[in-house]
Each structure stands twice: as structure tokens, then as C-alpha cells.
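[1] fold the following.
(chains A and B)
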Protein chains: 2
Amino acid sequence: MTTATEPARRGRPGYDRDSMLEVVVEVFNERGYDAASLGSIAEKLGLSKSAIYHHFASKEQMLEVALGRALDALEAVFESPEATTGPVVSRIRHVVRGAVLVLCEQMPFVTLLLRLRGNTPIELEAMRRRREFDRKLRALFELSRDEGTLRADMDPRIAERLTFGMVNSIVEWYRPGGSITPEQLADSVLELVRTGLRDPASL
Amino acid sequence: MTTATEPARRGRPGYDRDSMLEVVVEVFNERGYDAASLGSIAEKLGLSKSAIYHHFASKEQMLEVALGRALDALEAVFESPEATTGPVVSRIRHVVRGAVLVLCEQMPFVTLLLRLRGNTPIELEAMRRRREFDRKLRALFELSRDEGTLRADMDPRIAERLTFGMVNSIVEWYRPGGSITPEQLADSVLELVRTGLRDPASL
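    Numbers count the residues shown, from 1 in each chain, chains lettered A, B, ... in the order given. Okay, here's the model as predicted:
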């Protein structure tokens, strides 16, 4: 944590902006953003409020930077060429796999995003960006229905909601570093979405 | 809301215990159980605190009764003969369909259950009962794997988590009374879980 140019003073932990943000997001997720005070953040960090202000101007700015990490990573998935060109089913696979991997890699930041209440302009803007992901996946499922690769008895809106509902639920139970790897989890989600849980021979 | 034997006094709304509980759960879900004060509940009801005490001894009791509604309904699904006897895949179908219908019918109560933080003994006991559902569905997926009806490349634990993750996500986006009926939603969830989203002819 400490560097030659920024030694820890009097035994207090030294933080750069990124490592401070990780602790801040932990407090946000534990207490809820509204209930998390700058005082409780300072206590968790073992720092004075003025030491925090060296890195962040306000609690709002911490939220904005933290949400940006989740949203930028998710937007990168949707904006990559694999998501915008090629066969529709490949694009859906790319988006679902990419979203699962971002959730696993940026779990605290995505958890924060998914639990927003929408009480501030920063939250509302993040929720607007999040709704864009829903819209883009729904559009892909509509294309899939039009070309006949989505089963005919499935409403593309429901397909989108259930798919992202399943993906988003991962933050509630997945533990990074456990026996299930992010890649294995992404494979399982894709197989469930694509062809379901039943063994093909038993259909 | 008012009855012949229990007229509204001085224009204030008359509540029986059930209709009061519905408003209480609305406040719990809006503000979070911890943050919801008896004062804010009284304000929302348009009643004095003493009028509330006529029906409930405490905020804790309101929580206990509300969680009981969700848990009793879900337990009834898991304890019915269709969930405990017969072919394993039929049991899984019964449990998944039943859980979706309970979520749609008891949405505010299940929402409360799913958002618990576990800060009180009542919450911890509800979370214990909730984990029993996970355990029972996981046991069914394990039976399904053993008999070969669950696809061989799917871990029963992941199958359970993803299935209930998808089911639980319904409280985040489903609007009762809208264009999608609970039955239609249950059918869609079952079809996705069983054989996925892809049109069989395009596999």
C-alpha cells in the first residue's frame, strides 16, 4: 500500500485512490449508500476526514467513481465488435459471458450499482446507463426472435429480464476465489440460457 | 377497508390487521426495515402509534407476521405431495412454478424476505427457513443428476443458485396486473430452465 514517496504516517495504513475506493465501496455495500457517513468511512479506513479529502472531494464523488468502474466495464462488453457484429446468437453469447465475468471481477462495484435506490442525480444517471444494457440485450433477443433462433413461445422482453435476473443474482451468492471459477460460472449460465438444464437424451 | 362493525373514525382510514400489514410492508420495502420507524409507519397509515398497537405489539412483530406470510406460502410449495413424490423432474417443475406464483402473488412480502440484512433474531430465523428452500431444490437437482436427467456438465449447486436467482429476480422487475400474467411468467421460467431459449430447430 505504501510507496517510497508516500510513506504511512504514524502506523496508519497508506491508501492510494483505488485501494481507498475498495474500502469505501465495502462500507457503502454494508450500510447502504444513504446510511454510510463520511465519519463511518473514515473510521473503517483508520484515517481522518481530511486525509480522505486528499483523494475524494465528497461522498458523492466516491459513489460516482465507484459506479463508473462497474458501468465502464459493462459498457465495454456491449460496445465490443463481438457484441455489435456477426451472428445474433454469438452476440448474445458474448454479452452474457462478458456480463458474468465483469460481475465476478468487479463484484463489489456491480453490487453497489445493482442496489441503488435512485435518491440522487448520480444514482439516477447510473440507473439510466444500466437500463441501456437491458435495452441492448432486449434488442438482441428481438433480432433472435425475428430470425427464428429464439424459441417462438418466448417473449423477448421476458427472455431479457430472466437472463439478466439470473446474471445479476450472482452478486448475491458467488464468492470469488472459491471452488467455482468465473469461467465455469459463465459457461453454466450460457448453457442454461442456450439449451436449459435437462440432459438432451432425457428430453 | 372499513366494515360495519369497525367504522373509520373522524375520516381516518380503517384498517384490519391484514390491510395494515400491507401498508407496513410497503414502508419496510421503501425505507429498509432498519430505517423504518414506527413514527414513519404511523404517518403513512394516517394513524396514531396507539392505534397501531391495537393490531401489533411492536415493529418486530410486524416483521415476523409479514415474513411468515412469505415463508408459509413458499413452504407450502415445497411440502406439497407434488414436491415430495413422483418423478424428480416433475417435482422440480412443481417447485419452480410454485415459487414463481408465490412471488407474483405475495410480491411485497417476498421482496421483504429477499432484502433482509440479518440484524435481528427474527431476520436470522427467516433467513434460516429461506436457506431450507435452497437446500431442498439443490437436493432435487442432485437426484436429477444421479438419475441422468440433469445435463452432465452442470453442477447441481450452480443449477440451484441460477434457477432461484432467476426466480428471485422477478421481484425486481415484474409488475402484477401488467401485460404478463403470473402463469405466463411461470411458463417462461420453466421453459428456460428446462430447455433454454434457443429454438430447437436452430440448435
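[2] so where's chain A uncertain?
    A:1-13, A:203 (pLDDT under 70).
[3] swap the cut-off to 90 and go again
    Low-confidence regions of chain A, defined by pLDDT under 90, span residues A:1-14, A:31-32, A:34-35, A:117-119, A:199-203.
[4] in it, which spans are helices?
    A:17-31, A:38-45, A:49-53, A:59-79, A:81-84, A:88-105, A:107-114, A:121-147, A:156-173, A:182-195 (DSSP state H).
[5] which one of the ones you listed lies nearest to B:Thr85?
    helix A:182-195 (26.4 Å; Cβ to Cβ). Every C-beta, even on glycine, is put in place using the N, C-alpha and C of the backbone.
[6] as CSV, could you dump the C-alpha coordinates of stretch A:134-153?
    Extracted C-alpha coordinates of stretch A:134-153, given in CSV (Å, rounded to 0.1, in the frame of the first residue of the first chain):
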residue,chain,number,x,y,z
ASP,A,134,-31.3,-4.0,-20.7
ARG,A,135,-32.4,-2.3,-23.8
LYS,A,136,-29.4,-3.6,-25.9
LEU,A,137,-29.9,-7.2,-24.7
ARG,A,138,-33.6,-7.0,-25.4
ALA,A,139,-32.9,-5.7,-28.9
LEU,A,140,-30.6,-8.7,-29.5
PHE,A,141,-33.4,-11.1,-28.3
GLU,A,142,-35.8,-9.3,-30.7
LEU,A,143,-33.4,-9.9,-33.6
SER,A,144,-33.1,-13.5,-32.5
ARG,A,145,-36.8,-13.9,-32.5
ASP,A,146,-37.1,-12.3,-35.9
GLU,A,147,-34.5,-14.7,-37.4
GLY,A,148,-36.1,-17.7,-35.7
THR,A,149,-33.2,-18.6,-33.3
LEU,A,150,-35.2,-17.6,-30.2
ARG,A,151,-37.9,-20.1,-29.4
ALA,A,152,-41.2,-18.9,-30.7
ASP,A,153,-43.1,-19.2,-27.4
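[7] verify the contact between A:Thr195 and B:Val193 for me.
    No: if you go by Cβ atoms under 8 Å, A:Thr195 and B:Val193 don't touch, sitting 11.1 Å apart.
[8] so which of the two has more stuff around it?
    The residue with more neighbours, out of A:Thr195 and B:Val193, is B:Val193; 23 against 18, by other Cβ atoms under 10 Å in any protein chain shown.
[9] against A:Glu64, how distant is the residue positioned nearest the centre of chain A?
    Chain A has A:Val110 as the residue nearest its centroid, 2.7 Å off, counting by Cα atoms, centre = their mean. Distance of A:Val110 to A:Glu64, computed by Cβ to Cβ, to the nearest Å: 15 Å.
[10] now swap in A:Arg161 and tell me
    From A:Arg161 across to A:Glu64, the span is 27 Å (Cβ to Cβ).
[11] burial count for the nearest residue to the residue nearest to the centre of chain A once chain neighbours are set aside?
    Once flanking residues are discounted, A:Val110 sits nearest to A:Ala70: 4.6 Å by Cβ to Cβ, 6 or more residues apart in numbering or on different chains. By other Cβ under 10 Å, 24 other residues sit near A:Ala70.
[12] A:Ala70 contacts A:Phe109, correct?
    Yes: A:Ala70 is within contact range of A:Phe109, at 4.0 Å (criterion: Cβ under 8 Å).
[13] so what's A:Glu26 up against?
    Applying Cβ atoms under 8 Å, 6 or more residues apart in numbering or on different chains to A:Glu26 gives the contacts A:Lys44, A:Pro108.
[14] swap that for A:Glu30, sorry
    A:Ala36 are the contacts of A:Glu30 under Cβ under 8 Å, 6+ apart.
[15] any idea how far the closest residue to A:Pro200 other than its chain neighbours is from B:Arg69?
    Of all residues not flanking A:Pro200 in the chain, B:Arg151 sits nearest, at 7.2 Å (Cβ to Cβ, 6+ apart). Distance, B:Arg151 to B:Arg69, by Cβ to Cβ: 36 Å.
[16] my read: A:Leu137 touches A:Val95, true?
    Yes: under the criterion of Cβ under 8 Å, A:Leu137 makes contact with A:Val95 at 6.0 Å.
[17] you'd agree A:Val96 is up against A:Glu191?
    No: under the criterion of Cβ under 8 Å, A:Val96 makes no contact with A:Glu191, lying 10.6 Å away.
[18] more neighbours, these two?
    Comparing A:Val96 with A:Glu191 by other Cβ under 10 Å, the one with more neighbours is A:Val96, at 23 against 17.
[19] wait, what's in contact with the more buried one?
    Here A:Val96 is in contact with A:Thr163, A:Val167, A:Ala186, A:Val189, A:Leu190, A:Val193 (Cβ under 8 Å, 6+ apart).
[20] buried residues of stretch A:141-155, list them for me.
    Residues of stretch A:141-155 classed as buried by neighbour count (16 or more other Cβ atoms under 10 Å in any protein chain shown): A:Phe141, A:Glu142, A:Leu143, A:Ser144, A:Arg145, A:Thr149, A:Leu150, A:Arg151, A:Met154, A:Asp155.
[21] if you could redo that for stretch A:34-49, that was the one I meant.
    Under the neighbour-count criterion of 16+ other Cβ under 10 Å, stretch A:34-49 has A:Ala36, A:Leu38, A:Ile41, A:Ala42, A:Leu45, A:Leu47 buried.
[22] first residue to last residue on that stretch, what's the distance there?
    18 Å (Cα to Cα, to the nearest Å).
[23] buried set for stretch A:106-124?
    Quick answer for stretch A:106-124 (16+ other Cβ under 10 Å): A:Gln106, A:Met107, A:Pro108, A:Phe109, A:Val110, A:Thr111, A:Leu112, A:Leu113, A:Leu116, A:Thr120, A:Ile122, A:Glu123.
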